[in-house]
Structure formats: structure tokens, C-alpha cells
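> output the structure for:
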Amino acid sequence: MRNRFDEQLEQLNIMMVKMGAMCEDAISIAMIGLLNDDDELIEKVFGIEDEIDQMEKDIENICMKLLLQQQPVAKDLRIISSALKMITDMERIGDQAEDIAEISKYIKNNSVKNKIHLKEMAESASRMVTESIDSFVKKDLNLALKVVKDDDILDDLFAQVKNELIAIISEDTSSGEFCLDLLMIAKYLERIGDHATNIGEWVEYMITGVHNKYN
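Okay, here's the model as predicted:
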């Protein structure tokens with residue numbers, strides 16, 4: 001029975017990595033599409049988001065089988081319950097990438113988006129997602145804690161982007177609507193960081209049995 005349980009846990013790890021990679025792709029493709037006015041890439045994000053939604057359902061199914069058939073306790077139970085929490089955040093990351101793609105369809109041919117720190121925000125957010133999933137698979141507490149700490153870096157970048165956009169609007173009021181769209185995109189990236197932070201905190205719970213928000 002234990003061998004079968006371990007095999008299913010390994011399958012869960014593989015699926016979590018795959019879902020995390022989909023999230024990374026969605027963020028990266030949405031931002032490249034935005035910065036390069038690439039409609040084909042922007043449209044691709046919507047298909048990836050559908051795949052993320054399906055993967056969430058598939059992982060929910062394997063977690064429920066593990067809970068019902070294997071009746072895990074202690075650390076094994078924490079692994080499964082943490083995975084169930086994490087996929088909710090990953091699904092929302094997919095939603096945020098789709099939101100970015102949706103806005104990107106309507107803001108073309110303007111160099112402002114390449115002059116602010118949106119690209120750096122996207123890179124930071126994507127790295128947090130990658131490291132949060134890696135911390136789950138590797139059961140790496142230090143990496144999970146790094147993700148939680150790195151949210152401050154992303155928050156600082158968001159503040160920087162906001163100030164940059166305010167300066168642009170003050171110089172050219174006609175750019176206001178465009179800049180507000182860019183601010184929304186920056187906010188979606190900031191939220192992606194929040195979801196990655198949530199994942200890191202669930203990994204901390206999985207490893208230590210302590211979740212700081214609930215203690």
C-alpha cells in the first residue's frame with residue numbers, strides 16, 4: 001500500500017510541476033505579447049489558461065483519491081492538503097495572466113510600456129512562481145521562505161511602476177487612459193506575486209506544520 005501511495009505522490013509532484021510551468025508560460029507569453037504588440041502570442045495565453053483550469057481539476061481528483069483511498073495522516077496529509085490550497089493560487093495566477101492578455105489586445109503601438117519597469121515586474125513574478133513550486137517538489141523550506149521574502153521586491157517594483165506612470169501622465173495628460181491600463185497590468189503582476197507568496201506559505205506549513213497566517 002505504501003509503495004502505491006508513494007507512486008501517487010510522485011504523480012502529484014509531476015502534475016504540480018506541469019501546472020506551475022503552465023503558469024510561468026502564461027505570464028511570459030502574455031508579457032512578450034504585450035511588449036511586442038504580438039496578437040498571436042496574446043491569443044495563445046487564453047488557451048494556456050484553459051489548460052491550467054483543467055490541470056487544477058485533474059490535481060483535485062488525484063488529491064481526493066489519495067485522501068479517500070489512502071487515508072493519510074500527519075506529514076502526508078499536510079502534503080496533500082497543501083497541494084489542494086496551492087492549485088487554487090496557481091489557477092488564479094492563470095487568471096491574472098489572462099487578464100493581462102485581455103488588456104494587451106487594446107493597447108498597441110505605444111512605446112511607454114517599454115520605458116517602465118513592467119518587464120522587471122514580470123520577471124520577478126515569474127521567478128517567484130517557479131521557486132514556489134520548486135520549494136514544494138523539493139520540500140525546501142529555505143526556498144519557500146525566500147519566495148515569501150521576495151514579495152517585498154515585487155511590491156517595490158509595483159510602487160516604482162506606479163510612480164513612473166504618474167510622472168508620464170503629469171507630462172502628457174492625453175496618455176492617462178493608456179497609463180491606467182498599464183497600471184492594471186502592473187497590479188495583476190503584483191497579485192501574481194501574492195499568489196506565489198501564498199504557495200510559499202503553504203509549503204512552509206507542509207514542512208513545519210505551522211502556517212503563520214493561522215497561528
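> assign L77 to helix, strand or coil.
Recorded secondary structure, L77: helix (DSSP: H, G, I helix; E, B strand; the rest coil).
> now the residue nearest to it when sequence neighbours are not counted: how far from I80?
Nearest residue to L77, sequence neighbours excluded (Cβ to Cβ, 6 or more residues apart in numbering): L67, at 7.9 Å. The C-beta positions use only the backbone N, C-alpha and C, and glycine is treated the same way. According to Cβ to Cβ, to the nearest Å, L67 and I80 sit 6 Å apart.
> the two: who's more crowded?
I80 (20 against 15; other Cβ atoms under 10 Å).
> which element, helix or strand, includes the more buried one?
Assessed by DSSP states H and E, I80 sits inside helix 74-104.
> show me which residues of that helix are buried.
Counting neighbours by 16 or more other Cβ atoms under 10 Å, one finds that the buried residues in helix 74-104 are 76, 78-83, 86-87, 89-104.
> which residues does the residue nearest to the spatial centre of the chain contact?
Nearest residue to the geometric centre of the chain (Cα atoms, centre = their mean): I93, 4.0 Å. By Cβ atoms under 8 Å, 6 or more residues apart in numbering, I93 lies in contact with C23, A26, I27, I52, V129, I192, H195, A196.
> before we move on, back to that, tell me what the next helix or strand after the helix holding I80 is packed against?
Moving toward the C-terminus from helix 74-104, the next helix or strand (DSSP H and E) is helix 118-138. Using 3 or more Cβ pairs under 8 Å, 6 or more residues apart in numbering; DSSP states H and E, the elements in contact with helix 118-138 are helix 2-35, helix 74-104, helix 141-171, helix 176-208.
> roughly how far is helix 118-138 from the heart of the chain?
Centroid separation between helix 118-138 and its chain, computed with Cα atoms, centre = their mean, to the nearest Å, is 7 Å.
> that helix vs helix 2-35, what angle?
180 degrees (axes from the mean of the first three to the mean of the last three Cα atoms, to 10 degrees).
> any low-confidence regions in this protein?
1-2, 213-215 (pLDDT under 70).
> grab the nearest non-local neighbour of C23.
Going by Cβ to Cβ, 6+ apart, C23 has I93 as its nearest residue, at 4.5 Å.
> export stretch 102-117 as PDB, just CAs?
What follows is stretch 102-117, C-alpha atoms only, in PDB (Å, rounded to 0.1, in the frame of the first residue of the first chain):
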ATOM      1  CA  GLU A 102      -7.100  40.800 -22.400                       C
ATOM      2  CA  ILE A 103      -5.900  44.300 -21.700                       C
ATOM      3  CA  SER A 104      -2.900  43.800 -24.100                       C
ATOM      4  CA  LYS A 105      -5.300  43.400 -27.100                       C
ATOM      5  CA  TYR A 106      -6.300  47.100 -26.700                       C
ATOM      6  CA  ILE A 107      -3.100  48.900 -26.000                       C
ATOM      7  CA  LYS A 108      -0.900  48.700 -29.100                       C
ATOM      8  CA  ASN A 109       1.800  50.900 -30.700                       C
ATOM      9  CA  ASN A 110       2.900  52.900 -27.700                       C
ATOM     10  CA  SER A 111       6.500  52.800 -26.500                       C
ATOM     11  CA  VAL A 112       5.600  53.900 -22.900                       C
ATOM     12  CA  LYS A 113       5.100  50.200 -21.900                       C
ATOM     13  CA  ASN A 114       8.800  49.500 -22.700                       C
ATOM     14  CA  LYS A 115      10.100  52.500 -20.800                       C
ATOM     15  CA  ILE A 116       8.800  51.500 -17.400                       C
ATOM     16  CA  HIS A 117       9.600  48.500 -15.100                       C
END
